[in-house]
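J.: I would like to see how this sequence folds:
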Amino acid sequence: MTGLHFLWLVPALPLLGAILMALFGRALEPEGSAPARLPGRLCSALVALSFVIAALCCLEIWGLPGHRYELRGSPWFAGGEWGLLLDPLSAELTLLVSGIGALVHIYSLAYMERDRAQYRFFGGLNFFVAAMQILVLANNYLLLFAGWEGVGFASYLLIGFDYQRWSAGVAGMKAFIINRAADAGFLLGIFFLILKSGSAHFGTIEAASRHWSSIEITLAAALLMVGAMGKSAQFPLHIWLPDAMEGPTPVSALIHSATMVCAGVYLVVRSGFLFAYAPEVSLAVSIVGAITALIAATIALVENDIKRVLAYSTVSQIGFMFLALGAGAYTAALFHLFTHAFFKSILFLGSGSIIHALDGEQNLKHMGGLRRRMPGTFVAMILGSLSLAAVPGFAGFFSKDLILGESLGLPNGWLFFAFGLLTSFLTACYAGRMMCLAFFGERRKGTEPHEAPKTMLVPMYILGAGCVAAGWVPSLIHWREWPLMLVSATVSLAGLDIAWRFYIATPESRTGWDHRFGFLIRFLRNRWYIDALYEESILNGVILRSAEGAAMVDSHLVDAGVNGAAMGTAFISRILRWFDRWVVDGLVRFSETTAQVSSSCARALQSGLVQTYALLFIAGLLVALGYYLK
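T.: Model prediction:
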């Protein structure tokens, strides 16, 4: 058990790297144009060491009763002791975070070699990993929330890493603000749990919740659900995650595979003792997941930016996990989270390899024929895409199939199953489309590509092995569901076949589609106009009230081709603007005026003149005597 006493080093080592980069990182940058190698190597080594310690600790808990170890610290706040908890749930997440985090760091050594702010980038990555480790290893909700907010702050820094680009700054702020709005619900949920149980400790709250009424449990679960929806980018709070691709590609790989998107799923599973007794909230979780999965898959089907295709894919796959969570199938949700971490990280790193080779090109329509020039990247991407498309034999097939089976246990389960099956078909279609446009056919535009260096290829190959192997051992227990697996496999292969026919075998069959289905394609390319609704009604209608700010947003909307949505939400915008100006600001001005008047009256009484005090004393005495002698 002695090795488990060093569990605190798992989050502490990457946190140390972040602190060192913040204090001394700039001094490590060499003079001239030579790239800085020390920041990346130091930060990568610290995360790799964190993974080794996490792995040793996870091996050790299997010999303990209940496979559980808790490292308790000193008391803090009113929520009890802070501490770290390692059990099967946190073990899976901490290995994913540190393992994939280490591979992303190593990959970034070559990807970011020409950047002059490597200390800032690697310090941010270290802080990201540290905050996520605190989140998953916390033994109470307050420490979990500290890691939760740390992850949000790290994402803001990394998404907006290239802050000189306006789009990067806006994307970072978008992620930060939307998550803060959702976190308000999570924080209220934590306050409620502490109020009812007197502690923030998971075990104490679970024991106390057995005596709560159904209304109290439902309220607590609903508040936690709001926080989970924001962090895991579920409808209607999903709009920040696709824009997170504005950060460097390794950041996207980390966010979309092993950090932020995992946090909401982890929170629901960790709070399963509440959701299990709140069936209405659990059903809502499944409904949100099913809707999110389908909407995001349809948008990915028409996206041309390779990173946005993968970003909407992440939103959709997390929707699958929420569908399973609402059904109480926590094992299925965590299984898919595990396999998704492998195939989504390899896909983002593979897309980064392509972007790196094409000098920043991200448009799929400008690629083509890359399999001959980048064979190593092609192999990695094909492994990830086949797993994403749930092709039999790959990890994603087993985990997604298990979720589809569990969805039948929900009320009206056939409807959830149909949503899942349709989304699986669309997933195979957009995965196949992405691969056909990027790697097959002839080069269409741009510079001649070059294969990625080994520093980038080796992490992808390791993840590629996981895309195959990660699904086999856990899946052996459900081979009995072969009829369902046959249906799922047929749907996935059909989606890939359609993509191949449309883009490679008979591309002429696409002729006329834009004309016949133009409205639908525009609708999907404008992301169901959900982003436009947010921007016009909230950003333009409430936040940017100045003429210059409104003009900036209007110009942005026009460039995005969403005039119809802007016009459709103008009425909402005016209502919100009026409410903000006359109700919210009016209340603030009223309280300000009230404070000024009352303070002026009080100031007049505090003149410092003895004769004034004597006069007031006599007047008060006369009033009192008159009251009692009347």
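
J.: Where does pLDDT dip in the stretch 451-600 of the chain?
T.: 473-482, 508-515, 535-580 (pLDDT under 70).

J.: That one: helices as residue ranges?
T.: Counting by DSSP state H, counting those that start in this stretch, the segments of the stretch 451-600 of the chain that form helices are 454-469, 472-475, 482-500, 513-516, 518-525, 530-534, 547-560, 563-568, 570-578, 585-605.

J.: mind checking how far Phe378 is from Pro449?
T.: 11 Å (Cβ to Cβ, to the nearest Å). For the C-beta atoms, the positions are set from N, CA and C on the backbone; glycine is no exception.

J.: Need the overlap of contacts for those two.
T.: Overlap of the contact sets of Phe378 and Pro449 (by Cβ atoms under 8 Å, 6 or more residues apart in numbering) consists of Leu370.

J.: Hmm, Ala154 is touching Phe127, no?
T.: Yes: with contact defined as Cβ atoms under 8 Å, Ala154 counts as touching Phe127 (4.9 Å).

J.: how does this structure divide up, domain by domain?
T.: Listed by automatic domain parsing, the domain ranges of the chain are 1-139, 140-518, 526-629.

J.: tally of neighbours for Gln517?
T.: Slight slip there: residue 517 is Phe, not Gln. 12 (other Cβ atoms under 10 Å).

J.: State the distance from Phe275 to Gly189.
T.: 12 Å.

J.: got any residues that touch both of those two?
T.: With Cβ under 8 Å, 6+ apart, Phe275 and Gly189 have no common neighbours.

J.: could you pull out the strands for this protein?
T.: Ranges of strands in the chain, per DSSP state E, are 69-75, 81-86.

J.: pLDDT averaged over the longest one - what is it?
T.: Per-region confidence: strand 69-75 scores 79 on mean pLDDT.

J.: CA atoms of that strand as CSV?
T.: The C-alpha coordinates for strand 69-75 follow below in CSV (Å, rounded to 0.1, in the frame of the first residue of the first chain):
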residue,chain,number,x,y,z
TYR,A,69,-8.1,3.6,-1.8
GLU,A,70,-8.7,7.0,-0.3
LEU,A,71,-5.9,9.5,0.5
ARG,A,72,-7.3,11.9,3.0
GLY,A,73,-5.9,15.4,3.7
SER,A,74,-6.6,18.1,6.2
PRO,A,75,-10.0,19.6,6.8
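
J.: Let the chain start at 56 from now.
T.: Done: numbering now begins at 56, and the last item shifts to strand 124-130.

J.: Direction included, what does it pair up with?
T.: strand 136-141 (antiparallel) (DSSP bridges).

J.: about what we covered before: any chance of the strands of the chain in JSON lines, plus distance to Lys509 and mean neighbour count?
T.: Output for these, formatted as JSON lines (distance: least, Cβ to Cβ, whole Å; neighbours: other Cβ atoms under 10 Å):
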{"stretch": "strand 124-130", "distance to Lys509": "38", "mean neighbour count": "14"}
{"stretch": "strand 136-141", "distance to Lys509": "34", "mean neighbour count": "21"}
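
J.: Now distance to Leu292 too, for these, in TSV please.
T.: Below are those laid out as TSV (distance: least, Cβ to Cβ, whole Å):
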stretch	distance to Leu292
strand 124-130	32
strand 136-141	28
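
J.: Figure out which of those strands is closest to Gln173.
T.: Of all the strands of the chain, it is strand 136-141 that lies closest to Gln173, at 30.5 Å by Cβ to Cβ.

J.: can you give me the mean pLDDT across the closest one?
T.: Mean predicted confidence for strand 136-141 is 84.

J.: contact partners of it?
T.: By Cβ under 8 Å, 6+ apart, strand 136-141 touches 59, 62-63, 112-113, 116, 123-131, 149, 192-195, 197-198, 256-257.

J.: I'd like to know which of those residues are buried.
T.: 59, 62, 112-113, 116, 124-126, 149, 192-195, 197-198, 256-257 (16 or more other Cβ atoms under 10 Å).
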